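Engineer: below is the structure, and that's it, no one-letter string:
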């Protein structure tokens with residue numbers, strides 16, 4: 001009996017040892033994740049990687065086109081515009097027309113002179129005197145420029161811009177008048193004409209002959225000339241500011 005009692009503690013200890021041995025030992029990942037600094041470190045590293053990827057993506061998006069690629073894009077754009085113009089696409093034609101610069105309304109600008117300038121409200125006193133038109137006992141400010149040859153010979157009047165002829169009329173004081181509407185809300189006006197070559201509704205190209213220079217009652221002292229006006233957005237502007245140098 002005493003022998004059995006002595007052996008009992010040993011038996012109990014052996015059971016405890018076996019039970020302790022049978023418990024699963026914590027893995028290295030478990031021990032690692034149990035550290036307090038692990039999750040903040042993982043979060044910081046992930047944020048750094050995301051920021052790096054965003055920076056690389058933005059940098060790639062801001063790089064200029066390869067010269068060869070840019071050339072191809074440019075050539076395709078030009079080819080598209082040319083194709084639209086050749087096929088009569090109205091939008092393409094409007095873009096081409098709006099790209100025109102104002103031209104002198106004569107065949108040879110070097111052979112004519114501006115004999116009466118545009119009246120500029122902010123101009124000099126000399127301009128204000130030179131740009132006054134006297135009709136009977138009334139003085140009127142000149143709303144365009146008057147062009148004539150030094151020898152007073154007549155000359156062909158040309159379209160300064162491409163567009164549609166919207167008016168052809170014989171006005172008693174102004175003489176024959178032609179108006180041409182162009183893209184960009186532009187209108188060119190030609191007065192003191194003779195022998196008109198176009199009619200209302202005609203489409204004209206820049207440089208086409210509209211009429212010949214003539215005389216009118218309003219400015220009969222100027223002889224054969226053309227009175228030329230430019231309207232933009234419904235307002236009269238100074239043609240001399242838009243015309244190229246001769």
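Structural biologist: Perfect, I can see it now. Because the structure is predicted, anything quoted here is derived from the model rather than measured.
Engineer: for residue 208, which non-adjacent residue is spatially closest?
Structural biologist: Excluding the flanking residues, the one nearest residue 208 by Cβ to Cβ, 6 or more residues apart in numbering is residue 159, at 4.8 Å. Heads up, the C-betas are built off the backbone N, CA and C, glycines and all.
Engineer: and if you look at residue 167?
Structural biologist: Nearest non-adjacent residue to residue 167, counting by Cβ to Cβ, 6+ apart: residue 179, 3.9 Å away.
Engineer: related to what we said a few turns ago, next, count neighbours for the residue nearest to residue 208.
Structural biologist: Other residues lying near residue 159 total 22 when counted by other Cβ atoms under 10 Å.
Engineer: count residues in the vicinity of residue 154, would you?
Structural biologist: 18.
Engineer: hang on, the earlier thing: list phi and psi for the residue nearest to residue 167.
Structural biologist: Backbone geometry at residue 179, expressed as degrees, to the nearest 10, gives phi -120, psi 140.
Engineer: what is the neighbour count of it?
Structural biologist: The burial count for residue 179: 19, using other Cβ under 10 Å.
Engineer: next one: the one 5 residues further on
Structural biologist: Close neighbours of residue 184, defined as other Cβ under 10 Å, add up to 13.
Engineer: ok, it to residue 229 distance?
Structural biologist: 16 Å (Cβ to Cβ, to the nearest Å).
Engineer: before we move on, what about residue 138?
Structural biologist: 19 Å.
Engineer: can you check residue 118 too?
Structural biologist: To residue 229, residue 118 is 9 Å away according to Cβ to Cβ.
Engineer: so what's residue 120 up against?
Structural biologist: Shown in contact with residue 120 (Cβ atoms under 8 Å, 6 or more residues apart in numbering): 127, 131, 238.
Engineer: dump the residue contacts of the residue nearest to residue 208.
Structural biologist: Contact analysis of residue 159 by Cβ under 8 Å, 6+ apart lists 105, 180, 188, 204-210.
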